[in-house]
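A.B. asks: with the input below, show me the fold.
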Amino acid sequence: MTVIPISLSGVFISLIPAIAVVAILYRWRMAYREAMLALTRMLVQLLLVGFLLAWLFAVEQVFIVLAILMFMIVVSSWISLRTVPALRAGLFAQALLSIGVAGALVLGLLVIVILDVSPWYEPRFIVPLAGMFFANAMNSVSLTAERVHTELKRGESYADARRTAFGAGLIPITNSLFAVGLVSLPGMMTGQILAGVSPLIAVRYQIVIMAMVFAAAGLASAGFLVLSRRHWMAVDDA
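C.D. replies: Below you'll find the predicted structure:
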């Protein structure tokens, strides 16, 4: 069994429901421009990354792979702080370190120890996996930063704000863990099944991936709270 190809017309058809949502946002006088910009960026970015990955898979150079991973960490760290734009510059280093270390730890464990990929920098493995880990760490840090900032503004102590923020940062991935197999079949598992891989093998991969994603999100969020403690305390005192 092979993957069923999607034609360009199929891609355009898939955009129709998304455009309908943008139309609803416009009709209800909501942020339709932001949604349209997000869809446009998604299209452009994915088209560009398709060409980039095709080239990357062909060259397989360790320094190029490391440069791409570093780029992913920097961008995800910057995006993660869009929930606290006024504090972005002051918290960027903490976000960068927490997302980078957490993502690198779980990525290294998976690629080097569990999958035993050779060479370890094989782009077909490391780039897509890194994207999953860094993206989930980014979302967790983003929610954590927003919540700890909100709780401190409400007058909560830092310890209470930290607990609330850490729990909030884990909500998306925790919901995914509860729903997997009952409500959703995650992307990697679905892709493998569509490609003809045995569901039992696909399940093993998905268990490993979801455990690692949970770890990346939790470690990044906790690390961010620890590294940024002095910053939040200063904000709270102010």
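A.B. asks: what about the helix ranked longest in the chain, distance to the chain center?
C.D. replies: Secondary structure of the chain per DSSP state H: the longest helix is helix 123-153. Offset of helix 123-153 from its chain centre (CA atoms, centre = their mean, to the nearest Å): 5 Å.
A.B. asks: right, and the helix or strand after that helix?
C.D. replies: helix 158-169 (DSSP states H and E).
A.B. asks: pull out the buried positions in that next one.
C.D. replies: For helix 158-169, burial by neighbour count (16 or more other CB atoms under 10 Å) applies to 158, 161, 162, 164, 165, 166, 168, 169. Quick note: C-beta positions are derived from backbone N, CA and C, even for glycine.
A.B. asks: now do stretch 68-77
C.D. replies: Neighbour-count burial for stretch 68-77 flags 68, 69, 72, 73, 76, 77 (criterion: 16+ other CB under 10 Å).
A.B. asks: returning to what we had before: what packs against the longest helix of the chain?
C.D. replies: Packed against helix 123-153 by the contact rule (3 or more CB pairs under 8 Å, 6 or more residues apart in numbering; DSSP states H and E) you find helix 32-59, helix 62-80, helix 88-108, helix 158-169, helix 171-179, helix 199-227, helix 229-237.
A.B. asks: how about these, which one is nearest residue 118?
C.D. replies: The closest of those to residue 118 is helix 62-80. By CB to CB, the value is 12.6 Å.
A.B. asks: elements contacting that closest one?
C.D. replies: Using 3+ CB pairs under 8 Å, 6+ apart, helix 62-80 is in contact with helix 32-59, helix 88-108, helix 123-153.
A.B. asks: could you rerun that using 6 Å?
C.D. replies: On a contact count with 3 or more CB pairs under 6 Å, 6 or more residues apart in numbering; DSSP states H and E, helix 62-80 meets helix 88-108, helix 123-153.
A.B. asks: thinking again about what came up before, need the helices and strands packed on helix 123-153 in CSV with mean pLDDT and distance to residue 128, can you?
C.D. replies: What follows is these, written out as CSV (pLDDT from 0 to 100; distance: least, CB to CB, whole Å):
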stretch, mean pLDDT, distance to residue 128
helix 32-59, 89, 9
helix 62-80, 94, 11
helix 88-108, 95, 11
helix 158-169, 92, 23
helix 171-179, 89, 18
helix 199-227, 91, 10
helix 229-237, 74, 33
